[in-house]
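[1] quick one, fold the following:
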Amino acid sequence: RMEGFGYYTLPTGTEYRGSLWDGMFHGKGALYLPTGGGYRALWDRGLPTQGKFTFIDGLDYDEEKWLYCDGYDRRFYTEICSGFKPPGIAQLTNLDPPKIIPKGCYDCGDGFYNPKTRIVVDYKRKFLRNA
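    Numbers count the residues shown, from 1 in each chain. Coordinates of the predicted model:
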């Protein structure tokens, strides 16, 4: 079984970097998502005891004091950090510049879903999965 400090890549492409004990995440370690962002935590026999999720754009998730995109302040995180665009230039997503969604498709976070083919492809048009 794996023990000590190491790297482990899950079948989904998520990578763990940190301490391992008896084949489990144990001690300080982080999960890095293939699309960006990650989860740093203190692990105890494979379970996180305390941790923090950071989105790809650097926004930290806080379960107790989550104020992002609430009913009072609906700005994107990039607008909070960099300010608003000039009048007449709309910002429709947090990404700047946004991904160009092919006509008739839907953005699903890790790629585009085409309802005609029922296939999800990544942003470089590589097959991901059937829907």
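[2] so what's the spatially most central residue of the chain up against?
    Compute the mean C-alpha point of the chain, and by CA atoms, centre = their mean the closest residue is Gly37, 4.6 Å away. Going by CB atoms under 8 Å, 6 or more residues apart in numbering, Gly37 touches 53-56. Placement of C-beta: from N, CA and C, glycine included.
[3] what do you get for Glu79?
    85, 91 are the contacts of Glu79 under CB under 8 Å, 6+ apart.
[4] and it, how far is that from Leu42?
    Between Glu79 and Leu42 the computed distance is 33 Å (CB to CB, to the nearest Å).
[5] kindly report the same for Tyr61.
    From Tyr61 to Leu42 the distance is 16 Å (CB to CB).
[6] same check, this time on Thr49
    For Thr49, the distance to Leu42 - CB to CB - is 5 Å.
[7] ditto for Asp22
    Counting by CB to CB - Asp22 and Leu42 are separated by 17 Å.
[8] may I see the buried residues of the lowest-mean-pLDDT helix or strand in the chain?
    Across the helices and strands of the chain, mean confidence by mean pLDDT, DSSP states H and E is lowest for helix 77-82: a mean of 83. For helix 77-82, a neighbour-count test (16 or more other CB atoms under 10 Å) marks Thr78 as buried.
[9] just checking, next helix/strand downstream of it?
    Heading C-terminal from helix 77-82, the first helix or strand you meet, by DSSP states H and E, is strand 106-107.
[10] ok, then the element right after the strand or helix carrying Ala41?
    Using DSSP H and E, Ala41 falls within strand 38-44. Downstream of strand 38-44, the first helix or strand assigned by DSSP H and E is strand 47-54.
[11] that next one - what's its average pLDDT?
    Mean pLDDT, computed over strand 47-54, is 91.
[12] and it with strand 38-44, angle?
    Angle, strand 47-54 to strand 38-44, by axes from the mean of the first three to the mean of the last three CA atoms, to 10 degrees: 160 degrees.
[13] flag every buried residue along strand 47-54.
    Judged by neighbour count (16+ other CB under 10 Å), strand 47-54 contains these buried residues: 53-54.
[14] how long is stretch 8-18 end to end?
    Chord length of stretch 8-18, first to last residue, is 9 Å (CA to CA, to the nearest Å).
[15] many thanks, have a good one.
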